[in-house]
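Peer 1: kindly return the folded structure for what I paste below:
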Amino acid sequence: MNLAYSHREFSFEPEDHTAIARLAYEEAGIVLQPTKAQLVYGRLARRIRACGLTGFADYIALIQEDSEERTHAIDALTTNHTSFFRENHHFEHFMETCWPPLKKRLATGGRVRLWSAACSSGEEPYSLLMVLLGTDRQSAGALAKQDFRLLGTDLSTEILSSARNARYHADTVKTIPPALREVWVGKGEAGGAQLHPLLRQLATFRYLNLLGSWPMRNRFDAIFCRNVMIYFDDETKARLQSRLADQLVVGGFLYIGHSERLAPEVAGRFSWIGRTTFQKVS
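Peer 2: The predicted structure follows:
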């Protein structure tokens, strides 16, 4: 396959794609086959222009030395596709099985920790908050006074900014059930939508590379890590799943994406509960 695009603004040779693919894998576990060359070109050409460079060779040299621009490159190469209440059976299971004992624990002064491990622009953690709060805004104030933490992490610094702002296109919030949308969604700028401040105060968003070091000291009662492992090879998936298991309390739940599976070497640490829903047993 010829990866050189002579008709494009910048030349893009096979060795350019190879260098970028190697960096993306080493930094973020993202596998970029040669068939992704056009995607890579389109997403990084914008960064080349922004940096005032003349081509991919110069840009590759830059991101090998400049950690800040390397972060921008990974941001550009990361696919952030999500929606409110995506794969809703996970939220239903959480409310029916996971949340009742956690709610009781909070009421008696205990601690609850939840983690959205690839939160993108925030739809997943905010969906989780809406289901556990229901239509009662006063419950948000009560929850804020308890030892409850919901952490959302992502590799993209730009998308985390969107999550913190909690402003969405009007079409994006249409997947929120009407009763919840009426309580938690208001009008935003330019005809968009803005989530209620009470929701935003209950979620903490932080940058985290899932392949890097994790600063969290406490284990979690539930982890949502959905539709991110599809970009990893088998070795990376197994390593990440093992670390997720370590980060869960025994009896805690792990929710993964609809097309994802547990690696054989990790599966024994979990009990299968239902569709891509697992409970840690050891």
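
Peer 1: make it CA atoms for all contacts and neighbour counts henceforth
Peer 2: Fine.

Peer 1: tell me the confidence at the closest residue in space to residue 69 that isn't next to it in sequence?
Peer 2: With sequence-adjacent residues excluded and distances taken as CA to CA, 6 or more residues apart in numbering, residue 69 is closest to residue 63, at 5.7 Å. Among the per-residue scores, residue 63 shows a pLDDT of 93.

Peer 1: shouldn't residue 63 be within a strand?
Peer 2: No: the secondary structure assignment for residue 63 gives helix rather than a strand, going by DSSP: H, G, I helix; E, B strand; the rest coil.

Peer 1: OK, contacts around it?
Peer 2: Contacts for residue 63 (CA atoms under 8 Å, 6 or more residues apart in numbering) come out as 69-70, 73.

Peer 1: can you give me the buried ones in stretch 180-189?
Peer 2: Applying a neighbour-count criterion of 16 or more other CA atoms under 10 Å, the buried positions in stretch 180-189 are 180-181, 184-185.

Peer 1: mind checking the end-to-end distance for that stretch?
Peer 2: Counting by CA to CA, to the nearest Å, you get 20 Å between the two ends of stretch 180-189.

Peer 1: off-centre distance for that stretch?
Peer 2: Counting by CA atoms, centre = their mean, to the nearest Å, stretch 180-189 is centred 23 Å from the centre of its parent chain.

Peer 1: highest neighbour count among the contacts of residue 63?
Peer 2: Tallying neighbours with other CA atoms under 10 Å puts residue 73 at the head of the contacts of residue 63, with 24 neighbours.

Peer 1: for it, give me its contacts.
Peer 2: Contacts of residue 73 by CA under 8 Å, 6+ apart are 44, 47, 63.

Peer 1: SS state for it?
Peer 2: Three-state call for residue 73 (three-state DSSP): helix.

Peer 1: quick one, strands of the protein?
Peer 2: Under the criterion DSSP state E, the chain contains strands at 111-116, 147-154, 167-168, 185-187, 193-195, 203-207, 220-225, 248-256, 270-274, 277-280.

Peer 1: who wins for proximity to residue 13 among the ones you listed?
Peer 2: strand 147-154 (30.4 Å; CA to CA).

Peer 1: neighbouring strands - and their directions - for that closest one?
Peer 2: strand 111-116 (parallel), strand 203-207 (parallel) (DSSP bridges).

Peer 1: domain ranges for the protein?
Peer 2: Domains of the chain are assigned by automatic domain parsing as 14-77, 88-280.

Peer 1: may I ask which two of the buried residues of stretch 180-189 are separated the most?
Peer 2: Across the buried residues of stretch 180-189, the longest distance by CA to CA is 7.9 Å; it joins 180 and 185.

Peer 1: which sections of the stretch 1-150 of the chain are below the confidence cut-off?
Peer 2: Applying pLDDT under 70 to the stretch 1-150 of the chain flags the ranges 1-7, 80.

Peer 1: is it correct that residue 193 is in contact with residue 187?
Peer 2: Yes: here residue 193 lies in contact with residue 187, judged by CA atoms under 8 Å, at a distance of 4.7 Å.

Peer 1: distance to residue 8 for the domains of the chain - can I get that in CSV?
Peer 2: Putting the domains of the chain into CSV (distance: least, CA to CA, whole Å) gives the following:
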stretch, distance to residue 8
domain 14-77, 9
domain 88-280, 27
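
Peer 1: what about residue 226, distance to residue 254?
Peer 2: As judged by CA to CA, residue 226 and residue 254 stand 9 Å apart.

Peer 1: who has more neighbours, the two?
Peer 2: For residue 226 against residue 254, the residue with the higher neighbour count under other CA under 10 Å is residue 254, and the figures read 26 against 23.

Peer 1: how many other residues sit next to residue 31?
Peer 2: For residue 31, the neighbour count with other CA under 10 Å is 17.
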